[in-house]
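# Return atomic coordinates for the entry below.
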Amino acid sequence: MVDVEFRDGVARVFLVRPEKANALSSELLGKLRAAIESLKGDPAIRVAVLAGRGKAFCGGADVEEMARLDASTAAAFVERIHLVCRAIRALDVPVVAQLHAAVIGAGLEIAAACDLRVAAEGTKFSMPEVRLGIPSVVEAALLPRLVGGGRAAWLVLTGEAIDARRALEWGLVEEIGGADAVERLVAALLAGEPGALAAQKRLLRAWEEAPLAQSVTQSLRAFAQAFEHGNTISSRRKGNRH
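Now for the predicted structure:
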């Protein structure tokens, strides 16, 4: 249900449930979380890419499993979605979502938890939960940070889909393109110094949640810490001259 491939410092994690449009069952969520957590702390991994095999990135939560939920099991199911998103955000390396065809509901929440998103032309994005009689929850809370309050409200209140062009215009994705666009982005990320990228990712998370003054203070501390083992800027410049 989940494949992981390693090549040249990049871990590629694939959802593999093509017969169900990679719909997220409890089993798939558990395997996806385990796959992501297995990457943490591996110095050989510089970038992670999350993608889906088959005709779609992710068709959302498994509706058949959701139909069997009740008040005693619903919270545990949605918590599994949150734990996947938390694992993505906790990785020290940048995570790129490679999106295509359909990015729906919980699939969109997982994409939102990634650091950067590239969508193929024609990809559709939607949060249709209200049409099923439930609210959008957990990492749907990231949407206002990505697209603004009004556009997030439009997504979760109407349940209507937007295409890749509008997603780019709204800031939901950073680029439209296929595998070539993803590889260009990965190459740009690999050009960064690993420790600096890890620090920057931690700061991005802090900036999302902390007041401005606290974010600035934490940024100053992180900048100073980057020089604890010598001037990395000087050493990298010298290396580039050889």
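# Name the nearest residue to the residue positioned nearest the centre of the chain, sequence neighbours excluded.
By Cα atoms, centre = their mean, the chain has its centre lying nearest to Cys114, at 1.6 Å. Nearest in space to Cys114, with sequence neighbours left out and distances taken as Cβ to Cβ, 6 or more residues apart in numbering, is Ala97 at 4.0 Å. Quick note: C-beta positions are derived from backbone N, CA and C, even for glycine.
# Contacts only, for that neighbour.
Shown here is Ala97, whose contacts under the criterion Cβ atoms under 8 Å, 6 or more residues apart in numbering are 49-51, 57, 110-111, 114, 116-118.
# Among the residues you listed, name the ones in strands.
Assignment to strands by DSSP state E places the following of the contacts of Ala97 there: 49-51, 116-118.
# and the nearest residue to Leu143 once chain neighbours are set aside, how far is that from Val95?
Leaving aside its sequence neighbours, Leu143 sits nearest to Ala152 (Cβ to Cβ, 6+ apart; 3.9 Å). The spacing between Ala152 and Val95, counted by Cβ to Cβ, to the nearest Å, is 21 Å.
# of the two, who's got more company?
In terms of neighbours (other Cβ atoms under 10 Å), Val95 is the more surrounded of Ala152 and Val95; the figures are 24 against 21.
# beta partners of that one?
Bridge pairing for Val95 (DSSP bridges) gives the partners Ala48.
# Against Ala101, how distant is it?
Plainly put, Val95 is 20 Å away from Ala101 if you go by Cβ to Cβ.
# Ile45 too?
Noted for Ile45: a distance of 27 Å to Ala101, by Cβ to Cβ.
# Next: Asp3.
Plainly put, Asp3 is 18 Å away from Ala101 if you go by Cβ to Cβ.
# In terms of neighbours, single out the busier of the two.
Between Asp3 and Ala101, counted using other Cβ under 10 Å, the more crowded position is Ala101 (19 against 12).
# isn't the more buried one right up against Cys58?
No. Look at Ala101 against Cys58 with Cβ atoms under 8 Å: they stay out of range, at 9.3 Å.
# end to end, how far does stretch 99-117 reach?
Stretch 99-117 has an end-to-end distance of 7 Å (criterion: Cα to Cα, to the nearest Å).
# how far out from the middle of the chain is that stretch?
Stretch 99-117 has its C-alpha centroid displaced from the chain centroid by 7 Å (Cα atoms, centre = their mean, to the nearest Å).
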